[in-house]
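Visitor: model this:
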Amino acid sequence: MSGTTENRGTFTHVQGELAWTIAEQRSPSEAITLTRHLTEADEGRYELLGLINECEVALYWDYFWNHVVAANFDETGVDDLARDTPEEIRYTGLGAYFAEVELDDWDWIHPRHQWHAE
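Guide: This next block holds a predicted model:
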C-alpha cells in the first residue's frame with residue numbers, strides 16, 4: 001500500500017449526478033462508462049459545462065480559443081474536442097458565454113456552473 005488515501009475507483013457527487021442524468025435520458029447500462037469518458041475529457045484545456053439534446057451532446061469550454069465546443073460521445077469516448085478551430089472567437093471569457101445562453105434548455109449543468117442558471 002502506497003500510503004495515499006486517493007481512490008480513483010470511487011465516483012464523486014458530480015459523477016453520480018451526471019451518471020444518473022445520462023441513465024434517465026439515454027442509457028442506464030452505459031451511464032457509468034459515458035460519465036467516465038466525459039469527466040476524463042474535463043481537464044487542462046477543456047472544461048465540461050453540461051449536456052444538451054437529451055444528453056447526446058456535451059459542451060466543453062475551450063480555454064485556448066475561448067469558445068464552446070459541442071461534442072458527441074458514446075461508449076468509445078468523446079469526439080475529438082480539438083477538431084475545429086473557430087473562424088472567429090465569440091466570447092471574451094466563460095462569463096460572457098453564460099450571459100448569452102438559455103440554461104433552462106440544458107439537460108445537465110455542471111455544478112460548478114449551476115449558479116449561472118439562478
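Visitor: From here on, just use CA atoms for contacts and neighbour counts.
Guide: Will do.
Visitor: Any stretches of this structure with poor pLDDT?
Guide: Low-confidence segments of the chain (pLDDT under 70): 1-11, 88-89.
Visitor: how does it look with 90?
Guide: 1-13, 27, 65-67, 82-96, 100, 114-118 (pLDDT under 90).
Visitor: So for it, the centremost residue is which one?
Guide: residue 48 (2.9 Å; C-alpha atoms, centre = their mean).
Visitor: Now the phi/psi pair for that residue, please.
Guide: phi -70, psi 120 (degrees, to the nearest 10).
Visitor: Repeat that for the one 5 residues further on.
Guide: Dihedral pair for residue 53: phi 60, psi 60, per degrees, to the nearest 10.
Visitor: Also the one 4 residues further on?
Guide: Note on residue 57: its backbone torsions stand at phi -130, psi 130 [degrees, to the nearest 10].
Visitor: From residue 12, how far out is it?
Guide: 22 Å (C-alpha to C-alpha, to the nearest Å).
Visitor: what does residue 35 give?
Guide: 11 Å.
Visitor: who's more crowded, the two?
Guide: More neighbours surround residue 35 than the other of residue 35 and residue 12, with 25 against 10 (other C-alpha atoms under 10 Å).
Visitor: Name the helix or strand for the closest residue to the more buried one other than its chain neighbours, please.
Guide: Leaving aside its sequence neighbours, residue 35 sits nearest to residue 19 (C-alpha to C-alpha, 6 or more residues apart in numbering; 5.6 Å). According to DSSP states H and E, residue 19 maps onto helix 13-25.
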